[in-house]
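*Asks:* Have a look at this fold, sequence not included:
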């Protein structure tokens, strides 16, 4: 379930902050604690921070979005570090280009911010698998988020590459980093204190000297599970901050009060209403919090996008809830950089406490004019299988992690003897399967209806059975993190007769260059459709697909993310840096029935 429903509307989430180590000979003294105050360079400091995720932005946007947060009046920014963004496969991590974490942090420092980083292996964040890399799930014996030796070995190998990116940028070395996270909401997940201590010691032994924190629910139960010795508790929540402040003071009397996340908006799941919050109420509650002398980190201060297949999912009991592509979050700085009533209301409050001058944010980014383009070529996904993947043979279907795949779709094929008829069932499905017999679609099976079956009528001696599994994001919060994708079980006739002899094709869809489009329309069913949009001058735009049902969109080879007619999101954000002057290629993978046109719009429609 979501963090809000799990913790309660105004419930706090505690965060433990370990005292900083001694300052280095060079650089700054950094952030420390004295009684009930934070000190920065030895002077009282009220942290007024905002969350911004570099991995949900294009690098060309970093300066613009940070500048908007500067205009908001913040003195600090905070970001998670998404492990799977940097190390999607075992081996060397990638810190180049849009993954240049150090460049983002340096830029924040140049703009005058203190920086809080959250490099914990698990981040939640409504991000695919909570930031954990999917390849961990290939080891069925590995236990996540505990002192399991195999898991700790993977974490330590990751830290060997990550921490050298961060430690030189700490305040003690003259950099902007003043605090870093150990783990995230661990008290809501487990009770392995030795695991938390290992993470803390792993950061320290690799040179991190800043304040360290973790996040846990602000009740006695959750804080006791998540605390570490010599720690200071902070919190997260929304609404009236008074209950959170009271809980934190009761748990750590005489310590500074810090709301490590104050939720100023909320995220969306597919098929649910779009979430917004009242700007006046949000600003009033932040004012109430800061007036007590407490510190705060707005979550989010700047929205972003779950490009590609990076959106996560939640569960509510057995019900699976995939998150939409937009991570606008109704934050003061929106997904496309827009500011409005919430920005203005918060700016007037925040600058009162940070003493920052009241300055306007950068001008709104230009937008593309509206246009509509028709697909000029198509090719069915089934016909494209040889161009997109190679066959893996297996007696039983296996989950995509077992064949070295992290995200995308996965295709299974076998032959079934006939004549015969009876119900077909899939056990261990994640998340949504389109089933075909000799190319004719029988129907759809979904993980939210695990007992559903399809009637299979076999009139020939041999029938080709195809199962295309559409994945919608791994669970990022709660006890069901080990969310293996594809078919992690078996396919059966008459509920008990297992089907053997499978050809499996992983479909990560990270390279579409070998697709061969034709002017012949393939009809209903999974197919790629290509269109060309002419742009006089690149600018921000939004792609809409009226009349289409469900799928994925690529712009000039870049995966913009998933769309689904059930909403609430109806447009995909396509920032300026992805467009070219002149011709632009749009490719749409539509799983069901294509529309007749693709629209480019100047404004978003999030529901």
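*Replies:* Ah, there it is. Here the structure is a predicted model, which means the values were calculated and not measured. Residues are numbered from 1 along each chain as shown.
*Asks:* measure stretch 326-335 end to end?
*Replies:* Counting by C-alpha to C-alpha, to the nearest Å, you get 7 Å between the two ends of stretch 326-335.
*Asks:* Run through the strands of the stretch 201-350 of the chain in chain order.
*Replies:* With DSSP state E, counting those that start in this stretch as the criterion, the stretch 201-350 of the chain has strands at 211-217, 231-237, 258-263, 295-299, 304-305, 313-316, 319-322, 326-327.
*Asks:* Make a markdown table out of the ones you listed and add mean neighbour count and mean pLDDT.
*Replies:* In this view, the C-beta of every residue, glycine as well, is placed from N, C-alpha and C. A markdown table is the format used below for these (neighbours: other C-beta atoms under 10 Å; pLDDT from 0 to 100):
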| stretch | mean neighbour count | mean pLDDT |
| --- | --- | --- |
| strand 211-217 | 27 | 80 |
| strand 231-237 | 27 | 78 |
| strand 258-263 | 27 | 93 |
| strand 295-299 | 25 | 97 |
| strand 304-305 | 25 | 99 |
| strand 313-316 | 20 | 97 |
| strand 319-322 | 18 | 98 |
| strand 326-327 | 28 | 99 |
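*Asks:* Out of the ones you listed, the one nearest residue 116 is which?
*Replies:* Residue 116 sits nearest to strand 295-299 of all the strands of the stretch 201-350 of the chain, at 6.9 Å, using C-beta to C-beta.
*Asks:* Listing partners with orientation, what would you give for the closest one?
*Replies:* strand 48-51 (parallel), strand 258-263 (parallel) (DSSP bridges).
*Asks:* can you list the residues that contact the first one?
*Replies:* It refers to strand 48-51. If you take C-beta atoms under 8 Å, 6 or more residues apart in numbering as the criterion, strand 48-51 is touched by 69, 72-80, 114, 116, 261, 290, 295-302, 332, 350, 353-354.
*Asks:* Could you report the distance from the nearest residue to residue 312 once chain neighbours are set aside to residue 230?
*Replies:* Setting aside the residues directly before and after it, residue 312 is nearest to residue 476 in space (C-beta to C-beta, 6 or more residues apart in numbering), at 3.3 Å. With distances taken as C-beta to C-beta, to the nearest Å, residue 476 is found 30 Å from residue 230.
*Asks:* can you check residue 575 too?
*Replies:* 44 Å.
*Asks:* so where's the chain shaky on pLDDT?
*Replies:* 1-26 (pLDDT under 70).
*Asks:* At which residues are the helices of it located?
*Replies:* Secondary structure of the chain (DSSP state H): helices at 3-7, 62-72, 83-86, 101-110, 149-166, 193-205, 220-226, 242-251, 279-291, 341-354, 385-388.
*Asks:* Now do the buried residues in the last one.
*Replies:* By neighbour count on 16 or more other C-beta atoms under 10 Å, the buried set for helix 385-388 is 385, 388.
*Asks:* for the second one, same thing?
*Replies:* For helix 62-72, a neighbour-count test (16+ other C-beta under 10 Å) marks 62, 64, 65, 66, 67, 68, 69, 70, 71, 72 as buried.
*Asks:* ok, so of those, who is nearest residue 149?
*Replies:* residue 62 (37.7 Å).
*Asks:* Next, the contact list for that closest one, please.
*Replies:* 54, 103, 104, 107.
*Asks:* I'd like to know how many residues surround the last one.
*Replies:* The number of residues packed near residue 107 is 19, by other C-beta atoms under 10 Å.
*Asks:* quick one: it and residue 64 touch, right?
*Replies:* No: checked against C-beta atoms under 8 Å, the pair residue 107 and residue 64 is beyond contact range at 10.9 Å.
*Asks:* Dead centre of the protein: give me the residue that sits there.
*Replies:* residue 127 (1.9 Å; C-alpha atoms, centre = their mean).
*Asks:* quick check: domain ranges of this protein?
*Replies:* Domains of the chain are assigned by automatic domain parsing as 3-354, 371-379+525-601, 382-507.
*Asks:* Quick one: distance of the shortest one to the chain centre.
*Replies:* With C-alpha atoms, centre = their mean, to the nearest Å as the basis, the distance from the averaged C-alpha position of domain 371-379+525-601 to the chain average is 21 Å.
*Asks:* Repeat that for the longest one.
*Replies:* Taking the mean C-alpha point of domain 3-354 and that of its whole chain, the gap between them comes to 13 Å (C-alpha atoms, centre = their mean).
*Asks:* how about the strands in the stretch 401-550 of the chain?
*Replies:* Ranges of strands in the stretch 401-550 of the chain, per DSSP E, counting those that start in this stretch, are 409-417, 420-430, 432-437, 440-446, 454-458, 462-470, 486-493, 497-498, 502-507, 527-535, 541-544, 550-555.
*Asks:* Name the residues of the second one that are buried.
*Replies:* Of the residues in strand 420-430, those buried by neighbour count under the rule 16+ other C-beta under 10 Å are 424, 425, 426, 428, 429, 430.
*Asks:* Equivalent analysis for the first one, please.
*Replies:* With burial defined by 16+ other C-beta under 10 Å, the residues of strand 409-417 counted as buried are 409, 410, 411, 412, 413, 414, 416.
*Asks:* now the fifth one
*Replies:* Buried residues in strand 454-458, defined by neighbour count with 16+ other C-beta under 10 Å: 454, 456, 458.
*Asks:* quick one: it to strand 420-430, angle?
*Replies:* 140 degrees (axes from the mean of the first three to the mean of the last three C-alpha atoms, to 10 degrees).
*Asks:* which helices and strands does strand 454-458 pack with?
*Replies:* Packing contacts for strand 454-458, counted by 3 or more C-beta pairs under 8 Å, 6 or more residues apart in numbering; DSSP states H and E, involve strand 409-417, strand 420-430, strand 432-437, strand 440-446.
*Asks:* Within the sheet, what are the partner strands of the second one, with directions?
*Replies:* Same thing as strand 420-430. Applying DSSP bridges, one finds strand 420-430 paired with strand 454-458 (antiparallel), strand 486-493 (antiparallel).
*Asks:* got a list of contacts for it?
*Replies:* Outside strand 420-430, the residues that reach it (C-beta under 8 Å, 6+ apart) are 320, 399, 433, 435, 442, 445-447, 450-458, 467, 469, 471, 483-495.
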